[in-house]
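Undergrad: Coordinates for the following, if possible.
(one chain, ligands or ions: 1)
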Amino acid sequence: MADVPKGGEMFSGSGVVLVSGGAGYIGSHVAHVLREAGFTPVVIDSLVNGNAWAAEKASAFRRGDIGDAAFVREVCQSFSPKAAIHFAAFIEVGESVKNPQKYFANNRDKAKIFFDTISACGVKHIVFSSTAAVYGEVTENVPIRESHETKPINPYGRSKLDAEIHMRTLHGVTSVALRYFNVAGAAPEVGLGEAHFPETHLVPRIVLPLIGAPKPVQDALGLAGGFRIFGDDYPTRDGTAVRDYIHVMDLAEAHVLALRYLIAGGATNIFNLGSGAGYSVKEIVAAARKTLSRPDFNPPVAPRRAGDPATLIADSGRAQRVLGWSPKRKVENMIATAAEWHRMPVYAETMLKKAAG
Ligand code: UDP
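TA: Numbers count the residues shown, from 1 in each chain. Below you'll find the predicted structure:
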């Protein structure tokens, strides 16, 4: 695995940071990086989707719901955080279309309760885990800037945008919304990685069959028939959809920089986080073929997945200029770390437990 230099001073800080959803994929990596940087991350998570092992990276963990104001108040009274990072949310676009109420109730309404409660308890700075889905179907002005109009095309994107907007109305609070593009990779060296159930994301769906993940795990994730490319008739260079992939550890470092920016007096802001480079599904397949030494890997093409836009690429120039952030890890590193992570027993155990209900 490629070695990536540590940012040293750039990532150091101190103080209690409340991390909602810190037992999830991105939240757990952020809690780990915060702790390494010198902060004291206190995780709250309902464990509806999160995993207790992932919360262990935090300085403290309390199980509970962001919509439970009494619970949130109690945690704030115990730890007196001045800053918070909010992840806790449902993330499946397809599910949000089928069950919008679940997304509005959790991602919007409970987020409002959470924001109101923590700001009343003295939290002065909030970093919010947002998404490129707030932009909707973008056909012009690509790469996408933060000033691009927001026109979500599904309840997931709408619910996250509504939460962002509410956050910016909080009195006496400065905030940053981080709009992520496609996140991948893991930190197997500290036992962290992606453990979604079901798993819809491209990189794990490529990697799991290639590393020969246990059959019950592949079956549970709908991978029994192997990996398939969803559509090769898009208006892109090779016909497959183009996305902007970012390593979860680069993303985690951006959260620390955003936090430092707010603590240092930075104004409320929005930052896109991507690499600025697009990869097609076929290019990711080629990178996996090389990285995992599987020259025989030539997956079949299936029809398009409903709702998938052709191209999504971020302009992350603002994050680079204002936060001094730049992504360092390449696609090959995302695939290699994901492969290493998905081979770990804790991953298979977690999937089998979730599959069993
Ligand atoms: N994709 C695919 N096969 C899969 C999963 C995903 O071809 O089994 C494609 C998907 O259609 C999209 C790209 O990979 O074009 C990235 O999908 P992902 O779900 O990772 O992220 P999204 O961009 O949808 O948030």
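
Undergrad: what's around the nearest residue to residue 332 once chain neighbours are set aside, how many residues?
TA: In this structure, residue 332 finds its nearest non-sequential neighbour in residue 291, 4.8 Å apart by CB to CB, 6 or more residues apart in numbering. All C-beta atoms are positioned from the backbone trio N, CA, C, and that covers glycine. Residue 291 is flanked by 20 other residues according to other CB atoms under 10 Å.

Undergrad: and if you look at residue 304?
TA: Neighbour count for residue 304, taken as other CB under 10 Å: 16.

Undergrad: what does the one 4 residues further on give?
TA: Residue 308 has 14 neighbours, counted by other CB under 10 Å.

Undergrad: related to what we said a few turns ago, so the residue nearest to residue 332 makes contact with residue 335?
TA: Yes. Between residue 291 and residue 335 there is a contact under CB atoms under 8 Å: 4.6 Å.

Undergrad: Next, report how far stretch 142-155 is displaced from the centre of its chain.
TA: Offset of stretch 142-155 from its chain centre (CA atoms, centre = their mean, to the nearest Å): 17 Å.

Undergrad: and that stretch, how far apart are its ends?
TA: This stretch, stretch 142-155, spans 23 Å end to end (CA to CA, to the nearest Å).

Undergrad: Next, please give the residue ranges for the helices of the chain.
TA: Taking DSSP state H, the helices of the chain run over residues 25-37, 52-55, 69-79, 93-98, 100-103, 111-120, 155-167, 202-210, 215-220, 248-263, 281-291, 317-318, 331-342, 345-355.

Undergrad: Which of the ones you listed sits closest to the ligand?
TA: Closest of the helices of the chain to the ligand is helix 202-210, at 3.6 Å (criterion: CB to the nearest ligand atom).

Undergrad: Only C-alpha atoms, please: export the closest one in PDB.
TA: Presented in PDB, the C-alpha positions along helix 202-210 are these (Å, rounded to 0.1, in the frame of the first residue of the first chain):
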ATOM      1  CA  LEU A 202     -18.800   0.500  -6.700                       C
ATOM      2  CA  VAL A 203     -15.400  -0.200  -5.000                       C
ATOM      3  CA  PRO A 204     -16.600  -2.800  -2.500                       C
ATOM      4  CA  ARG A 205     -18.800  -4.400  -5.000                       C
ATOM      5  CA  ILE A 206     -15.800  -4.900  -7.300                       C
ATOM      6  CA  VAL A 207     -13.400  -5.900  -4.600                       C
ATOM      7  CA  LEU A 208     -15.500  -8.400  -2.600                       C
ATOM      8  CA  PRO A 209     -15.900 -11.000  -5.400                       C
ATOM      9  CA  LEU A 210     -12.300 -10.400  -6.500                       C
END
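
Undergrad: So for residue 240, which of the helices of the chain sits nearest?
TA: The closest of those to residue 240 is helix 281-291. By CB to CB, the value is 3.8 Å.

Undergrad: need the contact list for the closest residue to residue 221 other than its chain neighbours.
TA: Leaving aside its chain neighbours, residue 221 sits nearest to residue 199 (5.0 Å; criterion: CB to CB, 6+ apart). Neighbouring residues of residue 199 by CB atoms under 8 Å, 6 or more residues apart in numbering: 205, 208, 221.

Undergrad: Let me have those residues in JSON lines, extended by distance to the ligand and neighbour count.
TA: Below are the contacts of residue 199 laid out as JSON lines (distance: CB to the nearest ligand atom, whole Å; neighbours: other CB atoms under 10 Å):
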{"residue": "205", "distance to the ligand": "4", "neighbour count": "20"}
{"residue": "208", "distance to the ligand": "10", "neighbour count": "25"}
{"residue": "221", "distance to the ligand": "10", "neighbour count": "21"}
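
Undergrad: Out of the residues you listed, which comes closest to residue 263?
TA: Using CB to CB, those come closest to residue 263 at residue 205, 38.1 Å.

Undergrad: how about that closest one, what does it touch?
TA: 199, 221, 223, 227.

Undergrad: what do you get if the cut-off is 10 Å, keeping everything else the same?
TA: Residue 205 makes contacts with 199, 218, 221-223, 226-228, 230, 299, as judged by CB atoms under 10 Å, 6 or more residues apart in numbering.
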